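K.L.:
can't give you the sequence, but here's the structure:
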C-alpha cells in the first residue's frame, strides 16, 4: 500500500471513470466521493464495483439521488439515509455541514457551508492504482503524427 495525496487520487479516479464511460460531471463527483471512501476498509471494493458498472450504476445513481434530495428540500436541513462508504463519500464531498443523527441517518444542513473533508493521504494498493491508471489511460490521445496534426500535444514543430 502506498499513500497518495487526495488530489492525485481524485485526478486518477476522475480519468478512470471517464475512461470507463462516465460523463464529465459524474466522473468528477465520483472521484471526490471515491477518494473519501478509500479511507475506509470497504472503499476499494466499492470503487472497483462502481467503475465496473459504468456507464450505469452507482456513479450516476448516487449523484442523481442526492441531487434530488437537495432539490426537494430547498433550504434548511435534509435527512439522508446512511449507506456504504461510497454513499457517505458523496455526502461528505458536498459543501454543506453534515452529521450523523441519533437514528443513524445523515442530516445535511444546506444553509451551513463547510469545507469538504480531505484526508492528507489516501492509501491504495499498487494493484488498484495500476488498474485505475490503465482505465485513465483510455482518455489519452494516442501519440501519432495524425493526432499532432489535429492539435494534440506540442504539434509537429516543438521548438521550446
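P.N.:
Yes, it's here. Fair warning: this is a prediction, and the values are worked out from it, not measured in the lab.

K.L.:
Contacts only, for the residue nearest the centre of the chain.
P.N.:
The C-alpha lying nearest the average C-alpha coordinate of the chain belongs to residue 31 (Cα atoms, centre = their mean; 1.4 Å). Residues near residue 31 by Cβ atoms under 8 Å, 6 or more residues apart in numbering: 9, 10, 11, 13, 14, 17. To be clear about C-beta, it is placed using only N, CA and C from the backbone, and glycine gets the same treatment.

K.L.:
same deal with residue 13?
P.N.:
Per Cβ under 8 Å, 6+ apart, neighbours of residue 13: 27, 30, 31, 34, 35, 47, 132.

K.L.:
Look up the closest residue to the second one, ignoring the ones flanking it.
P.N.:
With Cβ to Cβ, 6 or more residues apart in numbering as the criterion, residue 30 has its nearest non-adjacent residue at 4.5 Å, and that residue is residue 59.

K.L.:
Report how many residues lie close to the one you found.
P.N.:
Per other Cβ atoms under 10 Å, the neighbour tally for residue 59 reads 28.
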